[in-house]
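>>> Predicted model and sequence follow; I will ask about them next.
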Amino acid sequence: MTETSKRALELAQLNADVSAFYDSLPDVVLQEQAAWGETGAAGLAAVFESEIEPAAPETAHTGH
């Protein structure tokens, strides 16, 4: 088995294990995780929005 094939199989197994873990969680835990995700997303949005400066309006120069 090549290293590439081995890594692909390991990745597929890891993905299956992660999916099985999350599929086994009770709804209350999933709802809590979703709420934390929303909180984190809102915080990140605020950080990135504060870093974006509005573009300065371009002024026409008439040469006068």
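Perfect, thanks for sending it.
>>> what sits against the spatially most central residue of the chain?
The residue lying closest to the centre of the chain (Cα atoms, centre = their mean) is Ala41, at 8.1 Å. The contact partners of Ala41, by Cβ atoms under 8 Å, 6 or more residues apart in numbering, come to none. Bear in mind the C-beta positions are built from the backbone N, C-alpha and C, glycine included.
>>> and Glu49, what element?
Counting by DSSP states H and E, the element that carries Glu49 is helix 27-51.
>>> outside of stretch 11-27, which residues touch it?
With Cβ under 8 Å, 6+ apart as the test, stretch 11-27 has contacts from 30, 33.
>>> Tell me where this structure is predicted with low confidence.
For the chain, the stretches with pLDDT under 70 are 53-64.
>>> let's go with 80 and repeat that
The model of the chain has pLDDT under 80 over residues 50-64.
>>> Contact partners for Gln33?
Leu25.
>>> 6 Å instead, please
Taking Cβ atoms under 6 Å, 6 or more residues apart in numbering, we find Gln33 in contact with no residue.
>>> And it, how close does it get to Asn15?
Distance of Gln33 to Asn15, computed by Cβ to Cβ, to the nearest Å: 18 Å.
>>> that older thread, and the helix holding Glu49, how far from the chain's centre?
10 Å (Cα atoms, centre = their mean, to the nearest Å).
>>> buried residues in it?
Neighbour counts over helix 27-51 (16 or more other Cβ atoms under 10 Å) mark no residue as buried.
>>> any idea how far Ser50 is from Leu44?
11 Å.
>>> for Ala34, same thing?
Taken as Cβ to Cβ, the span from Ala34 to Leu44 is 16 Å.
>>> Repeat that for Ala20.
Using Cβ to Cβ, we find Ala20 at a distance of 29 Å from Leu44.
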